[in-house]
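Student: got a predicted structure here, sequence first:
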There are 2 protein chains.
Amino acid sequence: MNVAVMGYGIVGSGVAEVLAKKHDSIAKRSLQEDLSLKYILDIRDFPDDPNAGKFIKDFNVILQDNSVQIVVETIGGLHPAYDYVLACLQAGKSVVTSNKELVAEKGDELLATAKEHNVNFLFEASVGGGIPIIRPISQCLAANELDEIAGILNGTTNYILTQMITSGLDFDTALKQAQELGYAEKDPTADVDGHDACRKICILAALCFGTHVCPKEVHTEGIRALTLADVGYARSWGGVIKLLARAKRLDDGQIAAIVSPALVKNSSQLAGVNDVFNAILVRGDTLGDVVFYGRGAGKLPTASAVVADVVDCARNWGKNRMLLWDNAKDAYVRDYLDYETAFLVRAKSVDVPAAYADADRVFGTVQRLIRDGASDSEFAFVTPADTERALRAKLDTLLGVKVLSIIRVADY
Amino acid sequence: MNVAVMGYGIVGSGVAEVLAKKHDSIAKRSLQEDLSLKYILDIRDFPDDPNAGKFIKDFNVILQDNSVQIVVETIGGLHPAYDYVLACLQAGKSVVTSNKELVAEKGDELLATAKEHNVNFLFEASVGGGIPIIRPISQCLAANELDEIAGILNGTTNYILTQMITSGLDFDTALKQAQELGYAEKDPTADVDGHDACRKICILAALCFGTHVCPKEVHTEGIRALTLADVGYARSWGGVIKLLARAKRLDDGQIAAIVSPALVKNSSQLAGVNDVFNAILVRGDTLGDVVFYGRGAGKLPTASAVVADVVDCARNWGKNRMLLWDNAKDAYVRDYLDYETAFLVRAKSVDVPAAYADADRVFGTVQRLIRDGASDSEFAFVTPADTERALRAKLDTLLGVKVLSIIRVADY
C-alpha cells in the first residue's frame, strides 16, 4: 500500500521522516505487508533531501496512480488543498490532513464525500498537534452526551500570556520574544487575533455536537488588547487569563461558541497549562470533566498524529468510519451577547469610591479587586453572572466611569 | 443484541443505569437496531430495583443464552470473575470489565482467548475510571514508541495527600476524613498501600510495551509513613508529594516499574492534580508528553467507560481488536534498586552542620532544605541522582545520622 504526501513543509517533512524511521513498526500495526511513501508533491525543489527521488510537481500523478491509496495533505490553506483532497476522495483514496482551515471550512462536505466513496477523511492532527483528541471524542467517549468542550488551543498565544503572567513582559515584548524563538510567525495575526483557535473549536464543536460550525459564525477576540494591569487583577482575583475557545450545547438545539481571553481560577486544570502547551477540556454528562494536555504543535508531535491516522486508514481499509457532520445550519450558533457570563471590569474614575458604590447599585454587590501599581483613578471589579448583553447595558449606565477592559470569567 | 451484567455493585448498577438512560443513542452509535440489558447476575436480591425482572443467580443462564453476545463483568476480585469471563470468551461472547485485578493478573491469557474465539476483551474502565486511556494508548498513539508512562492512579490516596498538603492534616486524620466522605474503604489497605495503583500501572505498562507485567514483580510502597514534615520539605523544595505509579522502557529489553510516593515540581502537570482526580502522563519518542486528566472513579464516569466498550464491541461485532500481550517473562522488571533517582532525605543528628558537611562529602554537594517548625536536630536535603542502590549505600556511610524518611524525586 502506497502513501503520497502533498506539501513538504514542517509537518509534511515530519510525516516523511516518521514513515521512514518507523517503517517496520508502522507496517506491523497497519496490518499491511508494506506501507511506503511513493510521492511527495511540492512546487519547490529539494535536491539534497533523503527523499529526493520521490518529488513530483504534478498532482495528477498521485490522482491517477491506483497504487496510492492514502494521501496526506499538509499543504495548508483552502486552495488548492481543498480541490486536491476532494479529487482524491472521489478517486477512492483515503485522505489524512493536518489542515485545520480545510476541516473547519469544508469538513461536512469532505466527510460526506469520503462516506460516499467508502474511504476515510481523518484529521487528528488538525487540533492539538500530537494530543489524541479527535479519536477519543468520536470513539472513546461514545457513552457520553458531550455537553461542553473548551480549550487552550493555540500555543503561540499561550506562550505570550505565560510570559506576561510569569515574567511581567508586556504584550509587544512577549510577542517579539515569541517571534525570536520561532513560536510566532512574522505576521502573527492568525494566532494573536484568535483565528487559529477559532478554526479548532469549530472542528471540536462539530465532532461533539454533530453539526458543522462555520468559523465566521463564532465571535472571536484575540489577546492584543491585554495589559499587565489585567494580568495583575486576574492574579488578585486568584486566577490567570487564558485565550479560551469554548463551545457548549444549549437547550434549544443551538450552541454557544466563542473565542476570547477568559479568567480561569488557579485551581482549574487549565490554569497550569503554560508556554506552548495546549489543553482540551471535555465535559460529559456521565463523565464529568476530562482534560487532554500536551504539545499542540511542533514537527514530530503533529507528524505522529498524522501517521497514526495513516495507520488507521491502512488497518481499516475498505471500512468507512461513518463519521458525519450535518451541514451548517442557520442560526445554529447563538449570538454571543446572549451567553451567561461574569465580567472582570477594569475602569477609571475621578471618584473611585463613588464609582464602586454605583457599580454595587447597578450590578448588585461586585467583587472589588486591587493590584500593586494601580493609579489612584484605576479600579476593577468582578460582576455577578448575567447575559453579556445585560452586563454591557448595565456598564453603560455607570456614572463618571471609563471602562478600560472587560474580560469574561470562565467556569472550568 | 443482548447484554448481561455480572455484579450489581456501584459500577454494575451504573452500567445498567446508563444503558437504560441512553438506550437510543447507544443503539444508534453501536449500529445495532437494539442493544438491551437482558440479565443481571448477583447473589443478592434487589426487589425494589427498576431492573428487578432481570436478576438471575445462576451464571449458566448467561453462558447458555446465545442471544447474550456481550457480557459486562463488574464483580471485582479474581474469583469467580476470572472463571466466568474465561467461560464467556470461550463461548464466543465479548467481555467488558472494570476489574483491574483481573486484567493485571490474567490480561495476557484473556486477550489470547478472545483472539482465539474472534471476540473482544475490553477494559477501558479498569484504569482511570472515565478517563479514556486504554484506547488512546492502543490506537491513537500508533505512530509512537511509548517510552514511559506515569500516573496518579488512585483517587483515595490523592485525596489524602491533598488534605495533608493543603489543609495540614496528618495522615491518620486525612484518612479518617476520606473514610467519612466515602472516598476510602473501611479497610483502606488496597489504596493506601499502593496495591490498587500497582495493578493499574501493570495494565498500562502491558499496553505500552506489549508484555504482561505481574503486580508482584513491581516494587510498591504506599503513603502510610508520610508525615507533615515530609510535606513541608517538599514545599520548600518547590513541589508536592504524590503517589506515583511509573513504568519505563529500558535499553536492554527490561522495564523499570515502581509505585511509591515521589516528589514532583510545582510546575509539573501532575502537581496540580488534586483531591480524587487521576492523571496519566504518556511520554512518546515523537510525541513528547501527553497528559490525560479526570475523575478516576465514581459510579457514572466508570460506568460510562464500560458502556463505551460495550458500544465498541457491538459496533465491531465479528472483528477482534488483535490487542495481545506477550506472556509475563522472567527478569522483565528490573530490580528497583538499579533505577536512577534522586532522594529527598529527612534525618536527625545531634550536630546538623557536621551532618550536612558529611552529606556533601559523601554525595557531592546536596541541596539543603529548611522548613518551619523543624526541631534543632532535624535536617533534610536532596541528593544528586544515582542508582537507588548506590544512594542507599552512601546513606549508610553518613556518620551520626538517623534517617527518618526517603522520598524519590520524579522528573515529570
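Tutor: Structure received.

Student: output stretch A:397-411 as PDB, nothing but the C-alphas.
Tutor: C-alpha atoms of stretch A:397-411 as PDB (Å, rounded to 0.1, in the frame of the first residue of the first chain):
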ATOM      1  CA  THR A 397     -25.300  53.200  33.000                       C
ATOM      2  CA  LEU A 398     -22.400  53.600  35.300                       C
ATOM      3  CA  LEU A 399     -21.800  57.300  36.000                       C
ATOM      4  CA  GLY A 400     -18.400  59.000  35.500                       C
ATOM      5  CA  VAL A 401     -16.700  55.700  34.600                       C
ATOM      6  CA  LYS A 402     -14.500  55.000  31.700                       C
ATOM      7  CA  VAL A 403     -14.200  51.200  31.000                       C
ATOM      8  CA  LEU A 404     -10.700  50.200  30.100                       C
ATOM      9  CA  SER A 405     -11.100  46.500  29.600                       C
ATOM     10  CA  ILE A 406     -13.600  43.700  30.000                       C
ATOM     11  CA  ILE A 407     -12.600  40.000  30.500                       C
ATOM     12  CA  ARG A 408     -15.000  37.100  30.700                       C
ATOM     13  CA  VAL A 409     -14.900  34.700  33.700                       C
ATOM     14  CA  ALA A 410     -14.900  31.000  32.800                       C
ATOM     15  CA  ASP A 411     -16.200  28.200  35.000                       C
END
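
Student: in chain A, which spans are helices?
Tutor: A:10-21, A:23-29, A:59-64, A:81-90, A:100-116, A:134-135, A:155-167, A:171-180, A:189-192, A:195-209, A:228-237, A:299-315, A:352-363, A:388-397 (DSSP state H).

Student: where in chain A is pLDDT low?
Tutor: Scanning chain A for pLDDT under 70 picks out the ranges A:139-144.

Student: per the record, what domains does it have?
Tutor: Residue ranges for the domains of chain A, per automatic domain parsing: A:2-130+A:299-315, A:135-295, A:338-409.

Student: from the chain's centroid, how far away is the longest one?
Tutor: Yep, that's domain A:135-295 we're talking about. Relative to the chain's own centre, domain A:135-295 is displaced by 7 Å; criterion: Cα atoms, centre = their mean, to the nearest Å.

Student: how long is that domain from one end to the other?
Tutor: One end of domain A:135-295 sits 17 Å from the other (Cα to Cα, to the nearest Å).

Student: same question, the last one
Tutor: Start-to-end span of domain A:338-409 (Cα to Cα) is 15 Å.

Student: cool, and stretch A:378-388?
Tutor: Taking Cα to Cα, stretch A:378-388 runs 23 Å from one end to the other.

Student: give me the buried positions along it.
Tutor: For stretch A:378-388, a neighbour-count test (16 or more other Cβ atoms under 10 Å in any protein chain shown) marks A:Glu378, A:Phe379, A:Ala380, A:Phe381, A:Val382, A:Thr383, A:Asp386, A:Glu388 as buried. Any C-beta I mention is one placed from the backbone N, CA and C, and that applies to glycine too.

Student: just to revisit the earlier point, among the helices of chain A, which is nearest chain B?
Tutor: The closest of the helices of chain A to chain B is helix A:299-315. By Cβ to the nearest Cβ, the value is 3.6 Å.

Student: and the angle from the closest one to helix A:10-21?
Tutor: With axes from the mean of the first three to the mean of the last three Cα atoms, to 10 degrees as the basis, helix A:299-315 and helix A:10-21 are set at 60 degrees to each other.

Student: is chain B contacted by helix A:299-315?
Tutor: Yes. Against chain B, helix A:299-315 shows contacts by Cβ under 8 Å from any Cβ of the partner chain at A:Leu300, A:Pro301, A:Ala303, A:Ser304, A:Ala305, A:Val306, A:Val307, A:Ala308, A:Val310, A:Val311, A:Asp312.

Student: so what's the first one closest to, chain neighbours aside?
Tutor: The shortest distance from A:Leu300 to any non-neighbouring residue, by Cβ to Cβ, 6 or more residues apart in numbering or on different chains, is to B:Thr286 (4.3 Å).

Student: rewinding a little: nearest to B:Arg249, of the helices of chain A?
Tutor: Closest to B:Arg249 of the helices of chain A is helix A:23-29 (Cβ to Cβ; 13.4 Å).

Student: buried only: go through the residues of helix A:299-315 next to chain B for me.
Tutor: With burial judged by 16+ other Cβ under 10 Å, the buried subset of the residues of helix A:299-315 next to chain B is A:Leu300, A:Pro301, A:Ala303, A:Ser304, A:Ala305, A:Val306, A:Val307, A:Ala308, A:Val310, A:Val311, A:Asp312.

Student: which of those residues sits closest to B:Asp24?
Tutor: Distance to B:Asp24 across those (Cβ to Cβ) is lowest for A:Asp312, with 28.0 Å.

Student: I'd say that closest one and A:Phe121 touch.
Tutor: No. Judged on Cβ atoms under 8 Å, A:Asp312 makes no contact with A:Phe121 at a distance of 11.6 Å.

Student: was I right to think A:Arg44 contacts A:Tyr8?
Tutor: Yes. Between A:Arg44 and A:Tyr8 a contact is recorded at 7.2 Å, counting by Cβ under 8 Å.

Student: so between the two, which is more surrounded?
Tutor: Each of A:Arg44 and A:Tyr8 has its neighbours counted (other Cβ atoms under 10 Å in any protein chain shown); A:Tyr8 has more, 23 against 8.

Student: phi and psi next, for the more buried one.
Tutor: When quoted as degrees, to the nearest 10, the phi and psi of A:Tyr8 stand at phi -110, psi 50.

Student: touching, it and A:Glu17? I think so.
Tutor: No. Using Cβ under 8 Å, A:Tyr8 is not in contact with A:Glu17; the gap is 10.9 Å.

Student: going along the chain, name the strands of the stretch 251-400 of chain A.
Tutor: A:255-265, A:277-284, A:288-295, A:340-348, A:367-369, A:378-382, A:386-387 (DSSP state E, counting those that start in this stretch).

Student: paired strands for the fourth one, with orientation please.
Tutor: This means strand A:340-348. If you go by DSSP bridges, strand A:340-348 pairs up with strand A:378-382 (antiparallel), strand A:386-387 (antiparallel), strand A:402-409 (antiparallel).

Student: let me have these in a markdown table, extended by distance to A:Leu270.
Tutor: Shown next, in a markdown table, are the strands paired with strand A:340-348 (distance: least, Cβ to Cβ, whole Å):
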| stretch | distance to A:Leu270 |
| --- | --- |
| strand A:378-382 | 18 |
| strand A:386-387 | 23 |
| strand A:402-409 | 13 |
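
Student: which residues does A:Ala279 bridge with?
Tutor: Beta bridges link A:Ala279 to A:Ile152, A:Tyr293, judged by DSSP bridges.

Student: need the contact list for it.
Tutor: Taking Cβ atoms under 8 Å, 6 or more residues apart in numbering or on different chains, we find A:Ala279 in contact with A:Gly151, A:Ile152, A:Gln269, A:Leu270, A:Val273, A:Val291, A:Phe292, A:Tyr293.
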